[in-house]
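Visitor: for reference, the sequence and a predicted model appear below.
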Amino acid sequence: MLDIKRIVENKKEVEQALLKRMKKDDLDLDEIIEKYKEKKEKQQEYETLRAKQKGFNEKMAKVEKGSKEFKELIEDLKDLSGKVKEAEEEVREADEELQEKLEVLPNIPDDDVVGGGKENNRVLREIGEKPIFDFKIKDHLEVGEGLGMIDMDRATKIAGSNNVMYRGIGAQLEWALINYFIGEHIKDGYQMIMPPHLLTEQSGYTAGQLPKFKEDVYWVSDGNMLLPTAETALANLFRDELLEEEKLPIKLFAYTPCYRREAGGYRTNERGLLRMHQFNKVEMFQYTTPEQSEAALEELLNKATRLVEGLGLHYRVTQLAADDCAAGAAKTYDVEVWMPFLETYYEVSSISNVRDYQARRGNIKYKTGEGENKYVHMLNASGLATSRLMVAILETFQNKDGSLNIPEVLQPILGRKIIKNK
RNA sequence: GGAGAGAUGCCUGAGUGGUCGAAAGGGACGCUCUCGAAAAGCGUUAUCUGAGCAAUCGGAUCCAGGGUUCGAAUCCCUGUCUCUCCUCCA
């Protein structure tokens, strides 16, 4: 949610920034400003009438109940009461219309975010090198199924298509990844959260997934939704709360499965574990003051890249163009890992500064030293998406004989260096 | 799942349909006193929002949303949450 005052006061500037991620035809700030003015006018009208009405209260209390004067007053006031109600209704309508227009606007991109969509994403750096194989490599499914780590057929049997089941050492490896990330986040002073997976509609709204992605999340019969990412839970922790400035930044992380309908269908080449209805992800999250949020974004990016590096995988960092960022994000980095078989990079972490966009929706503020209540800034970052990394690991560390080397950092957790068929 | 009770300011807690943004106590903060502290006394102590340079004036908020009424913290309905008892359980 954008600040209506900012739109009114800096229309040109806001418009220019939003055009980096919106088509001109979809953006009509004048209409919004018009609505805002209309609402304010109606509000004035209502308040004047209401003040008048309240003014009579004292008099009514003093006048004897059954008296002639009393009855006459009531007749007059009935008329006024009707007007007050009408005015109130008009304010409500105008405000609703305003909110509707306002809440679909995406966040204002940061100055250093370029306009346009995916095609304008910028690769900032590539780390490590593409592995070279002296044999014909298999894709991750072949490696994983060959070693009995993944059982797609039975997963599909019990849960339908686009589901996966890890088995034996495969399940252990996935779990070891999660453990590795958890350990690193705890070392860095992040607090671990285990949130509920079934969230209310309101939570989806605050996080910004609703109403836009209503079709993409799973709904259960009592009206709650299955979280599509732990971000949805973490972004709602302090909803309607006033935080203490000294407590900021608040650094959190959570491991949860992420549930997504992926209703739009699958790209045909996204075989196997690349896109699933349920995948594992560790999510990092920060609540900061506006002054702290830029440094926090860099910190989160560093954390994410360090984890990938720890695994010994080749990756690159890109900065997303305005229209490729999630609607709430003002600036987003992606960490993309190299998938040797597909010969493409795939996102394993998306690191976003949402600034006060979610805080406005969720009414999350902090008290400054001067006693002023200000919206917090919020940041989210995968740290990391384990199911995707599994793909990269299976493809990158495979050997000619079908066995798989285990990344060094995971060896102590798993108690072995290599996975092979007996 | 069944039965009942409740939701009021930073906290505890009172509240009659009108003069209630709300008693009282506590806490916190400030001042007086003191070398300092304690104690005591006095005072201050919600948020959002509109107009105004300002003093100030107006509106909203007693869980949320509807309703009744000239007027609602107070009455009615619905929802949410909390607590107690029973039931069921990992």
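Guide: Looks like it arrived, so ask away. Numbering: from 1, shown residues only, chains lettered A, B, ... in the order given.
Visitor: quick one: secondary structure of residue A:402?
Guide: On the three-state scheme (DSSP: H, G, I helix; E, B strand; the rest coil), residue A:402 is labelled coil.
Visitor: how near is it to RNA strand B?
Guide: Plainly put, residue A:402 is 40 Å away from RNA strand B if you go by Cβ to the nearest atom of the strand, to the nearest Å. No exception for glycine: its C-beta is placed from N, CA and C like everyone else's.
Visitor: surely that residue meets residue A:420?
Guide: Yes. With the criterion set as Cβ atoms under 8 Å, residue A:402 and residue A:420 qualify as a contacting pair; they are 7.3 Å apart.
Visitor: who touches both of those two?
Guide: residue A:147 (Cβ atoms under 8 Å, 6 or more residues apart in numbering).
Visitor: residues from chain A in reach of RNA strand B?
Guide: Contact residues of chain A with respect to RNA strand B, defined by Cβ under 7 Å from any atom of the strand, are listed as A:5, A:40, A:43-44, A:46-48, A:50-51, A:53-54, A:56-58, A:60-61, A:65, A:74, A:77-78, A:80-81, A:84-85, A:92, A:371-373.
Visitor: show the buried residues in the residues you listed.
Guide: Those of the residues of chain A next to RNA strand B that meet the buried threshold are A:43, A:46, A:77, A:84, by 16 or more other Cβ atoms under 10 Å.
Visitor: surely the last one touches residue A:47?
Guide: No. The criterion here is Cβ under 8 Å, and residue A:84 misses it with residue A:47 at 10.1 Å.
Visitor: and the buried ones among the residues of chain A next to RNA strand B as TSV, adding pLDDT and secondary structure?
Guide: What follows is these, written out as TSV (pLDDT from 0 to 100; DSSP: H, G, I helix; E, B strand; the rest coil):
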residue	pLDDT	secondary structure
A:43	91	helix
A:46	92	helix
A:77	87	helix
A:84	90	helix
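Visitor: and the furthest pair within those?
Guide: Of all pairs drawn from those, the one with the longest distance (Cβ to Cβ) is A:43 and A:77, at 22.0 Å.
Visitor: closest to residue A:144 out of the buried ones among the residues of chain A next to RNA strand B?
Guide: Top of the list for closeness to residue A:144, among those and by Cβ to Cβ, is residue A:43 at 61.4 Å.
Visitor: what sits closest to that closest one if chain neighbours are left out?
Guide: For residue A:43, the nearest residue in space outside its immediate sequence neighbours is residue A:91; the separation is 5.3 Å by Cβ to Cβ, 6 or more residues apart in numbering.
Visitor: check contacts around that neighbour.
Guide: The contact partners of residue A:91, by Cβ under 8 Å, 6+ apart, come to A:39, A:42-43, A:46.
Visitor: quick one: low-confidence residue ranges for chain A.
Guide: Confidence mapping of chain A against pLDDT under 70 gives the ranges A:263-269.
Visitor: got the residue ranges for the helices in the stretch 1-150 of chain A?
Guide: Assignment of helices within the stretch 1-150 of chain A using DSSP state H, counting those that start in this stretch yields the ranges A:4-9, A:11-18, A:29-62, A:68-103, A:140-146.
Visitor: for residue A:155, give its distance to RNA strand B.
Guide: The spacing between residue A:155 and RNA strand B, counted by Cβ to the nearest atom of the strand, is 24 Å.
Visitor: what is the burial count for that residue?
Guide: 19 (other Cβ atoms under 10 Å).
Visitor: what kind of secondary structure is it in?
Guide: Applying three-state DSSP: residue A:155 is helix.
Visitor: so it sits against residue A:164, correct?
Guide: Yes. Under the criterion of Cβ under 8 Å, residue A:155 makes contact with residue A:164 at 5.2 Å.
Visitor: where do the domain boundaries of chain A fall?
Guide: Listed domain ranges for chain A are A:4-103, A:118-419 (source: automatic domain parsing).
Visitor: tell me which of those domains sits most buried.
Guide: Using mean count of other Cβ atoms under 10 Å, the stretch among the domains of chain A with the greatest mean number of neighbours is domain A:118-419 (a mean of 18).
Visitor: and it, end to end?
Guide: Start to finish, the residues bounding domain A:118-419 are 38 Å apart (Cα to Cα, to the nearest Å).
Visitor: from the chain's centroid, how far away is that domain?
Guide: Per Cα atoms, centre = their mean, to the nearest Å, the displacement of domain A:118-419 from the mean C-alpha position of its chain is 11 Å.
Visitor: I'd like the distance between residue A:143 and residue A:151.
Guide: Here the distance between residue A:143 and residue A:151 works out to 14 Å (Cβ to Cβ, to the nearest Å).
Visitor: over to residue A:127?
Guide: Distance, residue A:127 to residue A:151, by Cβ to Cβ: 33 Å.
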